[in-house]
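Sequence plus predicted model, see below.
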Amino acid sequence: MTKFFAFLTLSASAVLLTGCSLFYPNWGATSLPEEPSGEPTSSETATETPSETEDPAETQTAEPEPTETETQKPEPKKTDVEIIMAVAEPDFGVLTVVARMPSVIDTGGTCTVRYQSGNFDKKFNVKAEPSADYTQCHPIEIPLKDLVAGEGIVTVSYSSDNYVGTSAASSVVIP
């Protein structure tokens, strides 16, 4: 009977360990498989042999004249800017503005928050950063002591090398 249990244990172990080879088919591999790079290998590289010309004057090449060309940056595309929230928080002493560009994933941009109330006009700049599927302005917290009390409007403008845009005005009340 003990021989039977020993045989059964060894058989079960062999079956279980054989199953591991099904899950790890490249068990002894030393490196991962590589995708083809698309570049020709040395055996695929074509070489060109120079052809002989009959007239030595044909082999002379004229040096191209240097020309000055101005590199023009493409015009930035227009984008939508949304103000998600613009609210005065007197408990924290700040005006909090949250804005994003929903259809753009861009880097290196700047958000300019503009607060206007009567003759008072003040601008604040913050950086913008890309998110998963949009670009957002860094948290914008403007000290209330830098603003005049009363009703006002807030707009957010976005500017980068690639995109520009301005939001619709959002009204706020500064206590």
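Looks like it arrived, so ask away. Please read all numbers here as calculations on a predicted model, not as lab measurements. Numbers count the residues shown, from 1 in each chain.

Do you have the strands of the chain handy? List them.
For the chain, strands defined by DSSP state E occupy the ranges 77-78, 82-89, 94-101, 110-117, 120-130, 135-137, 140-143, 150-159, 163-166, 170-174.

Just list what the first one packs against, helices and strands only.
Okay, so that is strand 77-78. For strand 77-78, the packing partners by 3 or more Cβ pairs under 8 Å, 6 or more residues apart in numbering; DSSP states H and E come out as strand 163-166. To be clear about C-beta, it is placed using only N, CA and C from the backbone, and glycine gets the same treatment.

Kindly format the C-alpha coordinates of stretch 114-128 as PDB.
What follows is stretch 114-128, C-alpha atoms only, in PDB (Å, rounded to 0.1, in the frame of the first residue of the first chain):
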ATOM      1  CA  ARG A 114      -8.000  87.800 -15.200                       C
ATOM      2  CA  TYR A 115     -10.200  89.300 -12.500                       C
ATOM      3  CA  GLN A 116     -12.200  92.500 -13.400                       C
ATOM      4  CA  SER A 117     -14.500  94.500 -11.100                       C
ATOM      5  CA  GLY A 118     -15.400  98.000 -12.200                       C
ATOM      6  CA  ASN A 119     -12.100  99.800 -12.900                       C
ATOM      7  CA  PHE A 120     -10.100  97.100 -11.100                       C
ATOM      8  CA  ASP A 121      -8.300  94.700 -13.500                       C
ATOM      9  CA  LYS A 122      -5.700  92.200 -12.300                       C
ATOM     10  CA  LYS A 123      -4.000  89.200 -14.000                       C
ATOM     11  CA  PHE A 124      -2.300  86.200 -12.500                       C
ATOM     12  CA  ASN A 125      -0.300  83.600 -14.400                       C
ATOM     13  CA  VAL A 126       0.100  79.900 -13.600                       C
ATOM     14  CA  LYS A 127       1.500  77.000 -15.500                       C
ATOM     15  CA  ALA A 128      -0.600  74.400 -17.300                       C
END
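
got the buried residues for that stretch?
Using 16 or more other Cβ atoms under 10 Å as the test for burial, stretch 114-128 gives R114, Y115, S117, F124, V126, A128.

which among those residues gets closest to K78?
K78 lies nearest to A128 out of the buried residues of stretch 114-128, by Cβ to Cβ, at 15.7 Å.

before we move on, back to that, ok, which pair from the buried residues of stretch 114-128 is furthest apart?
Once Cβ to Cβ is applied, the buried residues of stretch 114-128 give S117 and A128 as the farthest pair, at 24.9 Å.

so which of the strands of the chain comes closest to F5?
strand 120-130 (64.0 Å).
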